[in-house]
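J.: Return a 3D structure for these sequence lines:
(chains A and B)
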Amino acid sequence: MMLALKIIPFVLVKLKKTVPNSLSYVLTITFSILLLSACSGESDVENQATKQQSSKGELKSTSFDKSLYLFTESDIRFLQRFSLSQLGPPPDSISNKFANDEQAAMLGKKLFFDVGLSRDKKTSCATCHAPELYFTDGLKLSKAAGVTARSAPTVLGAAYSPWQFWDGRKDSLWSQALGPIEDANEMNTTRVEYVRLLLTKYAAEYQAVFKEKLSDEVVREKLSLLPASASPLGTEEEKILWHQISEPVQVWVNQTFSNAGKAMMAYQRRLELPRSRFDQFVDILSQAELSQAKLNQAELNQAELSQADQSGSLTALTEVLTPEEVTGLRLFVGKANCASCHNGPLLTNFEFHNIGAPDRPGLDVELGRYSGVKALVEDEFTCLSRWSDAPPDACEEMRFLKKSGPELVGALKTPTLRNIAMTAPYMQTGQFDNLRQVLIHYNQPTPPVYNREQHPSRPHFDILPLKLTEQEMQALESFLKTLTSPLPKKDHWWGLEPFNSES
Amino acid sequence: MLISAFFQGFHHMHLIIKKSFLLISIFYLSFAALAEVKSDQTPERLIERAVTQLSDAKEKELQSRELIVDANKIRKQLKEIRSATQKKTNFVEVNKSESEISTLVKKLEGNQQQGAVLRAQSKQLKQSASKNFEEGFSLLWRDWVSNRAPLTMDDGVVSYFAHNAKIRSVHKNMLNKMGTPSDEVGTKREDMSLKIPALIQQNAPPDLNINSFKFSRKEKYFAHIEVHSNDKGESEYQSKNVSAVPLNKIHQWRLVVSDLSGKPATNVPFEIEGHMPGHVHGLPTDPRVTKEISPGVYLVEGVKFQMKGWWVIKFIFPKTEDDVAQPDFFTFNLVL
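T.: Numbering: from 1, shown residues only, chains lettered A, B, ... in the order given. Predicted structure coming up:
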């Protein structure tokens, strides 16, 4: 990958801010050319001549356009918005006061990986959100107690999203974490069973975090009041059993159950993304820009500039991303229009759109956000619920939830593109096996089929054909592969170390 | 008050400095003239004038419309005469028709001209009415009107877009007839080498009225919107810029509504609608009027904008018996 470019002085330069933008860009190029000429010892060489000269043997590869690596100050500022450097900590959680509690996160990690909390003792969150697969499972539909209705999305970056699940049917990560526990196809247990195990296996940790100040005896006594299994969301029998539990005990169970979710949320908030090659690329651009700013202050001292480390920038940049990948990056924010929704450091706007990924035959049509909103309204663990730590007035996203509109039908949350090359298959039911298939869909999309029996109205459709060439698709695919973070083996939150999943 | 204070002062001075009576008289007269101008600027007078201008504007608009209708009739008449003339061979008759035609053409031109003038006058009168009403309204509601500038989004906000695709619903028959997003790709920004797709159809027309003060559609009410700060007296969302709405954060607005006499319009259960004209999508939340914090002053909660661009927000009155087709409403254009 090393390109022997070290001799060619490269100027990634912008002039003073006082120079008008367009002029600055023109001057930048002109100045670069002048500098190239100066250093090669020929006073009046043209750019083309320089290219010819470099092809004499100083430069091994002339097959790419060096201007690919030339970014203006505005370009760099724009690209910085996609870099992990801009991410910052997850937004404050008003509904979970333990969100930033480290002890809660430690407990949450144990719960996340513990298969012993599921009914068949084989399933944990990590079954479908496996750290070595960037917290996905590599399957079209997930398999645990049964088969899930949608593909398991990664949990990386989820702490930044206002809505959880593909259809946004949960308004917080703690509430989200409670769903799979009671889902018949996933952990297939009930809150009563879960709470009993939690307070037996993790009594000390739980008390340390949530400070319930109940003696072991009282806890044991309360647990003894509970049936073996019961939940308002369970089977008919489990529902009946749940309604037979006295209200104060129900409240205590729900509170404990919610706390488990809050611990798991605290855990997931700790999951950090190591820098990908793309982030490194933007870092180098930013540093080059920074050193340039210093040079500007030094009144563009020619002597200083001539041997400046600008030549290093191009070398460093080419070491991080290949010309094809940079072409892909330019397409990503440009013609291919990906950045339209996949923007910000997590490469998602967390909004809901319908891109018309084909419905899998035999499955119900995708109602997306339309059904997500319906579920939210009925959910018992939202920000507005008594299990939330927020005063109801503060839950503005829920209070002013948009409940209708044609744009909700079939719309799904934009997924992050971080580690996308490692998280196949793609789309909500794994309709596409690889990135190429995804790009083919975007290039020549088919609108969703209007099913008059199942759709409340004609499904919205938010994309248009891109008409990319074969080469462009290849470049785009290459770029997507630069978004992979190296697996952080030493970050204990990721749980990549040998981990005893039984506790 | 000022005048009576002056009177007191005047009498006081009059008693003491008799010699300067003449001088004071002159001073008094000039002050009286000034007071006359001042009283002309009272909210009541301003609103009164605005209402007069508004009804004048309506009158002129009506006249203009009549002239245009009349002009259309003349045009039809002309067409008939012209086609009839073509069939005529008798010189006298043709001549007669032609003079008839030239009279009608003159009348038509006159109508058109007069109609255009009246329409322009009406438009201007409406603008003045709006300006005067805004002046008076702002004086009457000075406790609630703290920002008269159009709403903007803070420029410090880091965001190129939430999405800038041609987000629209595409019928499958139209799929390949609507162009591609890349049709509009271009280096519009000369300081960038990245070819970021242009923000399609988000550019508001240059003469768009983005005032935060508006008459209702049926010109029966007047309203103003501004960002409402929290109870501590300052908005946590706002920076120094009081006219700025935050990006992607739920915040509150005040909607201040009066009738045409400047009296608060109370107890109106407004409905709120909003959308982006360049996109087929509405607001990301469902904002509501939650409280009337003072007569005619409504608290609007749950307002959120997830992207920059041209937004339209409507406050709709409940339908009354007088409303034949649609109820009255306020439309505010925002270019954020």
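J.: pretty sure B:Gly274 belongs to a strand, no?
T.: Yes - according to DSSP: H, G, I helix; E, B strand; the rest coil, B:Gly274 belongs to a strand.
J.: who's in contact with it?
T.: B:Gly282, B:Leu283, B:Pro287, B:Trp311, B:Val312, B:Ile313, B:Lys314 (CB atoms under 8 Å, 6 or more residues apart in numbering or on different chains). (C-beta placed from N, C-alpha, C; glycine too.)
J.: which one of these sits closest to B:Ser138?
T.: B:Ile313 (20.3 Å; CB to CB).
J.: The helix or strand where that closest one lies: which residues count as buried?
T.: Secondary structure from DSSP states H and E places B:Ile313 in strand B:310-316. Within strand B:310-316, the residues that count as buried by 16 or more other CB atoms under 10 Å in any protein chain shown are B:Trp310, B:Trp311, B:Val312, B:Ile313, B:Phe315, B:Ile316.
J.: Adjacent strands (with direction) for that strand?
T.: strand B:271-275 (antiparallel), strand B:329-335 (antiparallel) (DSSP bridges).
J.: can you redo the ones you listed as TSV with distance to A:Thr235 and mean pLDDT?
T.: Putting these into TSV (distance: least, CB to CB, whole Å; pLDDT from 0 to 100) gives the following:
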stretch	distance to A:Thr235	mean pLDDT
strand B:271-275	43	94
strand B:329-335	51	93
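J.: Just name the most buried of those strands.
T.: Most buried of the strands paired with strand B:310-316, by mean neighbour count (mean count of other CB atoms under 10 Å in any protein chain shown): strand B:329-335, with a mean of 19.
J.: and that strand, C-alpha only, in CSV?
T.: Only the C-alpha atoms of strand B:329-335 are listed here, as CSV (Å, rounded to 0.1, in the frame of the first residue of the first chain):
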residue,chain,number,x,y,z
PHE,B,329,-55.7,30.0,10.1
PHE,B,330,-52.3,31.7,10.4
THR,B,331,-49.5,30.6,8.2
PHE,B,332,-45.9,31.3,9.2
ASN,B,333,-43.0,30.7,6.9
LEU,B,334,-39.7,29.9,8.5
VAL,B,335,-36.4,29.8,6.7
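J.: Could you find the residue in chain B that comes nearest to chain A?
T.: Minimum separation of chain B from chain A (CB to the nearest CB) falls at B:Gly302, amounting to 2.8 Å.
J.: and that residue, helix, strand or coil?
T.: Relying on three-state DSSP, one would call B:Gly302 strand.
J.: ok, now which ones touch it?
T.: Here B:Gly302 is in contact with A:Glu396, A:Arg399, A:Phe400, B:Ile250, B:Thr285, B:Asp286, B:Pro287, B:Arg288 (CB under 8 Å, 6+ apart).
J.: now it: how far from B:Thr290?
T.: Distance of B:Gly302 to B:Thr290, computed by CB to CB, to the nearest Å: 8 Å.
J.: Tell me which of the strands paired with strand B:310-316 lies nearest to B:Ser216.
T.: strand B:329-335 (5.3 Å).
J.: Name the residue of the stretch 301-450 of chain A that lies nearest to chain B.
T.: A:Phe400 (2.8 Å).
J.: check contacts around that residue.
T.: So A:Phe400 contacts B:Ile250, B:Thr285, B:Asp286, B:Pro287, B:Arg288, B:Glu301, B:Gly302, B:Lys304 (CB under 8 Å, 6+ apart).
J.: cool, A:Pro90 as well?
T.: A:Ala99, A:Ala159, A:Tyr160, A:Arg269.
J.: Make a ChimeraX selection of whichever of those turn out to be buried.
T.: Remark: buried members of those, expressed as a ChimeraX selection using 16+ other CB under 10 Å:
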select /A:99,159,160,269
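J.: which residues of the stretch 151-300 of chain A score low on pLDDT?
T.: A:290-300 (pLDDT under 70).
J.: just the helices in it please.
T.: Taking DSSP state H, counting those that start in this stretch, the helices of the stretch 151-300 of chain A run over residues A:173-182, A:191-201, A:203-210, A:216-224, A:236-244, A:247-268, A:277-297.
J.: Which secondary structure state does the residue positioned nearest the centre of chain A sit in?
T.: The residue lying closest to the centre of chain A (CA atoms, centre = their mean) is A:Thr416, at 3.4 Å. Following three-state DSSP, we place A:Thr416 in the coil state.
J.: Show the model's pLDDT score for it.
T.: Looking at A:Thr416, its pLDDT reads 97.
J.: one step back: identify, out of the helices of the stretch 151-300 of chain A, the most deeply packed stretch.
T.: helix A:173-182 (a mean of 24).
J.: contacts for that one?
T.: A:93, A:95-96, A:117, A:125, A:128, A:158-159, A:164-165, A:170, A:186-187, A:189-191, A:194, A:231, A:233-234, A:257-258, A:260-262, A:264-265, A:268-269, A:379, A:381-382.
J.: how about 7 Å then?
T.: If you take CB atoms under 7 Å, 6 or more residues apart in numbering or on different chains as the criterion, helix A:173-182 is touched by A:96, A:125, A:158-159, A:164-165, A:170, A:186-187, A:189-191, A:194, A:231, A:233-234, A:257-258, A:261-262, A:264-265, A:268, A:379, A:381-382.
J.: Run through the residues that contact A:Pro91.
T.: Counted by CB under 7 Å, 6+ apart, A:Pro91 has contacts A:Tyr160.
J.: Sorry, wrong one. I was asking about B:Ala116.
T.: Contacts of B:Ala116 (CB under 7 Å, 6+ apart): none.
J.: I'd like to know how many residues surround residue 214.
T.: Went with chain A since none was named. 16 (other CB atoms under 10 Å in any protein chain shown).
J.: Chain B is the one I meant
T.: B:Lys214: 21 neighbours (other CB under 10 Å).
J.: Wait, it touches B:Phe330, no?
T.: Yes - in terms of CB atoms under 7 Å, B:Lys214 counts as a neighbour of B:Phe330; the distance is 5.3 Å.
J.: Return the residues of the stretch 101-250 of chain A in contact with chain B.
T.: Contacts of the stretch 101-250 of chain A with chain B, taken as CB under 7 Å from any CB of the partner chain, are absent.
J.: Relative to chain B, which residue of the stretch 101-250 of chain A is the closest?
T.: For the stretch 101-250 of chain A, CB to the nearest CB, closest residue to chain B: A:Pro162, 9.4 Å.
J.: contacting residues around that residue?
T.: Counting by CB under 7 Å, 6+ apart, A:Pro162 has contacts A:Phe350, A:Glu397.
J.: gap between it and A:Pro391?
T.: 18 Å.
J.: Now for the contacts of B:Gly274: which two are most distant?
T.: B:Pro287 and B:Val312 (13.4 Å).
J.: The stretch 101-250 of chain B: strands as residue ranges?
T.: B:152-153, B:213-215, B:221-227, B:244-245 (DSSP state E, counting those that start in this stretch).
J.: Check the stretch 251-400 of chain A too.
T.: A:352-353.
J.: just the residues of it that are near chain B, which are they?
T.: A:330, A:333-335, A:337, A:340-341, A:343, A:349, A:351, A:396-397, A:399-400.
J.: okay, now A:Lys122: neighbour count?
T.: By other CB under 10 Å, neighbour count at A:Lys122 equals 13.
J.: same check, this time on the one 4 residues further on
T.: Using other CB under 10 Å as the criterion, A:Ala126 is surrounded by 21 other residues.
J.: show me what contacts it?
T.: A:Ala126 touches A:Phe112, A:Phe113, counting by CB under 7 Å, 6+ apart.
J.: That one looks like it's in a strand, true?
T.: No - if the criterion is three-state DSSP, then A:Ala126 is helix and not within a strand.
J.: In what element of secondary structure is B:Pro269 found?
T.: Using DSSP H and E, no helix or strand contains B:Pro269.
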